[in-house]
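Asker: Sequence first, then the predicted structure, then my questions.
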Amino acid sequence: MKRISIKPIVALASLFILIAFCYAYPRFLAFKLGENSPWISYLYTYGMGVIVFVSSLVFIFTRQIEPLRKKQELYWLIALVYGLFFMFFLHGFWIYSAIHLPIKF
C-alpha cells in the first residue's frame with residue numbers, strides 16, 4: 001500500500017489560511033477601529049510582519065543542527081523575539097506620544 005504524504009496537504013492548508021488572513025485582517029481592523037484610526041497601519045504592519053517573522057523562524061530553526069550549536073541558536077532565537085517585541089512597543093509608544101502628548105515649540 002502506498003503512503004500518501006501529508007506535507008502537500010499541510011502546505012496547501014497553510015497557504016489557504018494565509019490568504020484568508022491577508023484578506024480578513026485589514027477589514028477587521030478597519031471595522032473595529034474605524035477607517036480613520038492612526039493605529040490601523042501600525043497593527044497591520046506588525047500583524048503581517050509577525051506572520052512573515054514567525055514563518056521564517058520556523059523555517060530556519062526546524063532544520064537539522066548540530067547539538068553543540070543548539071545553545072547558540074536558542075540565544076539568537078530569544079534575541080530576535082525580544083527585538084521584535086521591543087520595536088513593537090517602542091513604535092507603539094511613538095505613535096501614542098505623537099497623538100496624545102502636546103508638544104509646542
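Answerer: Noted; the coordinates are in hand.

Asker: Residue ranges in this structure under the pLDDT threshold?
Answerer: The model of the chain has pLDDT under 70 over residues 1, 4, 64-68, 104-105.

Asker: OK, contacts around the residue minimising distance to the centre of it?
Answerer: In the chain, the C-alpha closest to the average C-alpha coordinate belongs to Val50, at a distance of 0.4 Å (Cα atoms, centre = their mean). By Cβ atoms under 8 Å, 6 or more residues apart in numbering, Val50 lies in contact with Leu84. For the C-beta atoms, the positions are set from N, CA and C on the backbone; glycine is no exception.

Asker: Please apply the same query to Leu33.
Answerer: Leu33 sits in contact with 39-40, 43, where contact means Cβ under 8 Å, 6+ apart.

Asker: So which of the residues you listed are in helices?
Answerer: Members of the contacts of Leu33 lying in helices (criterion: DSSP state H): 39-40, 43.

Asker: Name the member of the residues you listed with the most neighbours.
Answerer: Leu43 (18 neighbours; other Cβ atoms under 10 Å).

Asker: so it touches Ala30, yeah?
Answerer: No. Under the criterion of Cβ atoms under 8 Å, Leu43 makes no contact with Ala30, lying 10.5 Å away.

Asker: rewinding a little: want to throw the contacts of Leu33 into CSV with distance to Lys2?
Answerer: Output for those, formatted as CSV (distance: Cβ to Cβ, whole Å):
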residue, distance to Lys2
Trp39, 52
Ile40, 49
Leu43, 46
